[in-house]
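Undergrad: from the sequence below, what's the structure:
(one chain, ligands or ions: 2)
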Amino acid sequence: VKRITIRTLQRMRDNEDAITMLTAYDFPTAQLLDRSGIDVLLVGDSLGMVVQGHETTLPVTMDQIIYHAEMVGRASKRALVVVDLPFPEGQLEINRSIEAGARVLQETQCSAIKLEGGAEQAGRIAAMVTAGIPVMAHVGLRPQNIHVEGGYRVQRDIEQLVADAKAAEAAGAFAVLIECVSTDAAEAITAAVKVPTIGIGAGGKVSGQVLVTHDILGMTSGYTPKFTRNFAEVGKAIEQAASDYIAEVKKGSFPSEKESFE
Ligand code: KIV
Ligand code: NA
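TA: Ligands and ions are numbered 1, 2, ... in the order given. Model (predicted):
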């Protein structure tokens with residue numbers, strides 16, 4: 001299979017062929033998603049919430065991201081695998097971001113990083129790209145900023161959003177992820193840049209879509225955001241399988257002879 005690269009994504013954007021992206025955090029799931037034909041896998045710091053069970057993405061460390069990225073990178077043969085720069089690797093001095101990005105390229109088989117921020121991150125993006133680290137920018141709602149924002153909210157400053165995306169593009173970002181903005185804002189951003197835009201909670205007028213895999217599989221408990229959709233009930237299937245197993249063991253119908261050694 002031919003590996004999807006940042007050039008493939010640009011071509012897809014130019015041909016108006018929708019780019020698809022999902023999160024992955026472990027080997028078997030990444031393998032399944034890769035075989036499904038997904039274009040981009042994201043080792044997101046959302047793993048702090050959907051895998052580690054924290055309330056925000058902030059507890060995720062660089063070592064943890066590397067641990068997950070190593071598995072996902074090894075599992076995927078076709079998708080471009082992008083890795084989130086966890087808090088505060090993208091907020092401290094620029095050299096630290098280059099070191100973190102270099103770790104991703106050296107210690108995993110993933111080949112790009114994602115960094116929250118736009119205009120204020122332009123210098124950092126440029127330095128990382130110069131160092132050979134492809135960067136996807138992330139504008140709009142920035143979960144690593146939650147304590148300053150005071151919550152997760154739709155981002156409505158269209159002028160600022162467009163300026164962020166343009167600055168990221170000018171700095172060399174290969175794509176711009178847009179989180180939680182109106183359809184109109186995302187359309188304006190997409191019209192303002194030539195690189196692909198990938199939306200989450202950003203409507204349909206973008207170059208591609210990304211969602212959190214656990215959300216689309218029905219594996220997240222409690223609150224799920226308005227912008228996601230359940231494509232399967234894997235959570236329910238897991239609970240059912242476990243309770244069936246328990247019942248069979250209690251009844252004595254598991255294991256059968258077929259499942260036992262002579
Ligand atoms: O961490 C993540 O999964 C993300 C997506 C929500 C885009 O950044
Ligand atoms: Na993230």
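Undergrad: all strands of this protein, in order?
TA: With DSSP state E as the criterion, the chain has strands at 19-23, 40-43, 80-84, 112-116, 135-140, 175-179, 197-200, 208-211.
Undergrad: what sits against the residue lying closest to residue 96 once chain neighbours are set aside?
TA: The shortest distance from residue 96 to any non-neighbouring residue, by Cβ to Cβ, 6 or more residues apart in numbering, is to residue 89 (6.1 Å). Just so you know, the C-beta spots here come from the backbone N, C-alpha and C atoms, and that holds for glycine as well. Residue 89 makes contacts with 62, 96-97, 100, as judged by Cβ atoms under 8 Å, 6 or more residues apart in numbering.
Undergrad: let's see that with 6 Å instead.
TA: Residue 89 sits next to 62, 97, 100 when contact means Cβ atoms under 6 Å, 6 or more residues apart in numbering.
Undergrad: most neighbours, which of these?
TA: residue 97 (25 neighbours; other Cβ atoms under 10 Å).
Undergrad: what about the closest residue to residue 238 other than its chain neighbours, distance to residue 259?
TA: Leaving out its chain neighbours, the residue that sits closest to residue 238 by Cβ to Cβ, 6+ apart is residue 219, at 7.8 Å. According to Cβ to Cβ, to the nearest Å, residue 219 and residue 259 sit 28 Å apart.
Undergrad: ok, now residue 135?
TA: From residue 135 to residue 259 the distance is 51 Å (Cβ to Cβ).
Undergrad: so for the two, which residue has more residues nearby?
TA: Neighbours were counted for residue 135 and for residue 259 using other Cβ under 10 Å; residue 135 has more, 29 against 7.
Undergrad: do I have it right that the more buried one meets residue 127?
TA: No. Judged on Cβ atoms under 6 Å, residue 135 makes no contact with residue 127 at a distance of 9.7 Å.
Undergrad: how about the residue nearest to residue 96, phi and psi?
TA: Here is the backbone geometry of residue 89 (degrees, to the nearest 10): phi -60, psi -30.
Undergrad: can you pull up the most central residue in the chain?
TA: Residue closest to the average C-alpha location in the chain (Cα atoms, centre = their mean): residue 42, at 3.4 Å.
Undergrad: tell me who's in contact with that residue.
TA: 21, 23, 82.
Undergrad: looking at these, spot the one nearest ligand 1.
TA: Each of those was scored against ligand 1 by Cβ to the nearest ligand atom, and residue 23 proved nearest at 4.4 Å.
Undergrad: just give the nearest non-adjacent residue to that closest one, would you?
TA: residue 44 (4.4 Å).
Undergrad: what's the burial count for that neighbour?
TA: When neighbours are counted by other Cβ under 10 Å, residue 44 registers 30.
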